[in-house]
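Student: Quick check, what structure comes out for this input:
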Amino acid sequence: MKNSAYNRRTGRPEPVGSTSPVPAKAPDGWLIGIVVTLLIIGTLAIFDASYVKAGESRYAGHDSFFFLRKQVQWVAIGAVAFFAGMHAGYWRLRRFAPTALLISCALLLGVLAFSHPVSGAKRWIDIFGQRIQPSEIAKIALVFYLAHYLSVNRRRIHLFQEGFLPALLPVGIVAFLILAEPDMGTTLATCGVAVALLFAGGAKPKHVLGLFALAAAGVFLLSIKDHYKLQRLLTFMDPFKDPDGAGYQVIQGISALGSGGWFGRGIGESIAKWNYLPAEHTDFIFAIIGEELGLKGTIPIVLLFLALVRRGFIIANKCQNTFGSLLAMGISLTIGLQAALNIGVVSTLLPATGVPLPLISFGGSSLVLTLFALGVLADISRRPVLPWDNGDNDSRSNRRWDRGAYLPGAGDRRSARKTRRVPTVYR
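Tutor: Okay, the predicted model is just below:
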């Protein structure tokens, strides 16, 4: 019986819609293996790319292992976040989606109002002595909110005013606040994931295409009017016009990546990390990997990210409830688009955006939130079928997050008039 839970005592299938316990499966092994592999590659690459800078930096106390120790600490915190996301119960988290989105918008406003610009952008805020990047929180919170909204309003999303337009309001607010920092890369990744979720959630193609065209026109107009964005666009078109100024980082990055060739210079033999390439352990770490390992080192990393997105789509396809399926798709696309943007910038296929490489670049809040989202994805792979899945599980009449399910008794009319309360197991 499809979507049926089996009673452990009798061995018989429970009726569809029952809330009897459904034992969780093991998480997707391929997903876990890919995440661990990328974390190991990232940790080793960060040490290799940063030990020169750390040894010469007063900020790092002339300690060559400074960034390595910091990254290991963030990986440990991220591992806790991963297991928390895997055991939190993704169906429970949906009730917090609107609150999380409001908090992330408040943090984005706090960044614009109180933070100090770094390299011409306001992207970080200090909370309890830790630097937090609220845009990383906002893009994950938006995925949760859209998955929740689309699952509840899936029968109205094809209607422009009643379903599609209300979904655009939070997307527009988050995109505007992130773009005001300015952070074009995160804005593009966030809007790209939102468009994909709206399309997968049942929106009409003409509405989605219209939104895409409007967003593209808006980004182009802002890029022309804003001096900061216009400078990056001009640098992308001709970085050699200002090789010692705006085009310096782009030129050094493509030079490092291209000098690796097929087999690279060798591990530890990078020249660019000797104070030639800025952001060598953060946004441009892929260039250092390409310089030392060549194509034989960069192609496997690209394939790992493609495999990660593919596993996410497989998990989404197997999930039997709309919220979990859209959430798995949104998390996978968020990581995949961010990786594509970073690699595209380093290889000069895209203008510089300041987006780190997920799981590999040095960073705190980005790594922890990415691992938490991947933990939620692993949780979806553990429970693709929830106890109350019944083919219409996300409609308002069938949501049973807080109440037990009432099932009619079997037998004649007398027993059918009576109902028995089945307690909700996953609470």
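Student: Make sure Ala60 is indeed in a strand.
Tutor: No - assigned with DSSP: H, G, I helix; E, B strand; the rest coil, Ala60 falls outside any strand and is coil.
Student: And for it, nearest residue in space, chain neighbours not counted?
Tutor: Leaving aside its chain neighbours, Ala60 sits nearest to Phe66 (3.7 Å; criterion: Cβ to Cβ, 6 or more residues apart in numbering). Glycine gets a C-beta too; all of them are placed from N, C-alpha and C.
Student: Distance-wise, check the one you found relative to Leu168.
Tutor: 44 Å (Cβ to Cβ, to the nearest Å).
Student: Check Pro182 too.
Tutor: Distance, Pro182 to Leu168, by Cβ to Cβ: 21 Å.
Student: contacting residues around the closest residue to Thr353 other than its chain neighbours?
Tutor: Nearest non-adjacent residue to Thr353, counting by Cβ to Cβ, 6+ apart: Gly185, 2.7 Å away. Taking Cβ atoms under 8 Å, 6 or more residues apart in numbering, we find Gly185 in contact with Gln338, Leu341, Val345, Thr353, Gly354, Val355.
Student: What's the ChimeraX line that selects buried ones from those?
Tutor: Those of the contacts of Gly185 that count as buried under 16 or more other Cβ atoms under 10 Å are selected in ChimeraX with:
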select :338,341,345,353,354,355
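Student: In TSV, list the contacts of Gly185 along with secondary structure and pLDDT.
Tutor: Formatted as TSV, the contacts of Gly185 follow (DSSP: H, G, I helix; E, B strand; the rest coil; pLDDT from 0 to 100):
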residue	secondary structure	pLDDT
Gln338	helix	94
Leu341	helix	93
Val345	helix	91
Thr353	coil	78
Gly354	coil	78
Val355	coil	88
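Student: which of the residues in the host helix or strand of Gly336 are buried?
Tutor: Taking DSSP states H and E as the criterion, Gly336 maps to helix 322-346. Residues of helix 322-346 classed as buried by neighbour count (16+ other Cβ under 10 Å): 322-343, 345-346.
Student: and what of stretch 161-181?
Tutor: Gly163, Phe164, Ala167, Leu168, Pro170, Val171, Val174, Ala175, Leu177, Ile178, Leu179, Glu181.
Student: about what we covered before: how far is the helix holding Gly336 from where the chain is centred?
Tutor: 6 Å (Cα atoms, centre = their mean, to the nearest Å).
Student: Past it, which element shows up next along the chain?
Tutor: With DSSP H and E, the next secondary element past helix 322-346 is helix 365-382.
Student: what about Lys25, is that helix, strand or coil?
Tutor: Criterion first, three-state DSSP; result for Lys25: coil.
Student: Now it: closest residue in space that isn't a chain neighbour?
Tutor: Residue nearest to Lys25 in three dimensions, not counting chain neighbours: Arg382, with 5.2 Å by Cβ to Cβ, 6+ apart.
Student: Tell me how many other residues surround Leu221.
Tutor: Counted by other Cβ atoms under 10 Å, the residues lying close to Leu221 total 10.
Student: Use 428 as the first number for this chain going forward.
Tutor: In the new count, where the first residue is 428, that last one comes out as Leu648.
Student: list the helices and strands the helix or strand containing it packs on?
Tutor: Taking DSSP H and E as the definition, Leu648 sits inside helix 632-652. Counting contacts by 3 or more Cβ pairs under 8 Å, 6 or more residues apart in numbering; DSSP states H and E, helix 632-652 is packed against helix 592-606, helix 611-627, helix 654-664.
Student: how does it look with 7 Å?
Tutor: helix 611-627, helix 654-664 (3 or more Cβ pairs under 7 Å, 6 or more residues apart in numbering; DSSP states H and E).
Student: tell me the most buried of those helices?
Tutor: Of all these, helix 611-627 has the most neighbours on average by mean count of other Cβ atoms under 10 Å, namely a mean of 23.
Student: quick one, that one and helix 749-773 angle?
Tutor: Angle, helix 611-627 to helix 749-773, by axes from the mean of the first three to the mean of the last three Cα atoms, to 10 degrees: 140 degrees.
Student: now, which of the buried residues of stretch 588-608 sits nearest Asp553?
Tutor: Glu608 (15.5 Å; Cβ to Cβ).
Student: I'd like the distance between the one residue sitting closest to the centre of the chain and Gly612.
Tutor: Most central in the chain under Cα atoms, centre = their mean is Thr761, positioned 3.8 Å from the mean C-alpha point. Using Cβ to Cβ, we find Thr761 at a distance of 12 Å from Gly612.
Student: same question, Val620
Tutor: Taken as Cβ to Cβ, the span from Val620 to Gly612 is 13 Å.
Student: Appreciated, that's everything.
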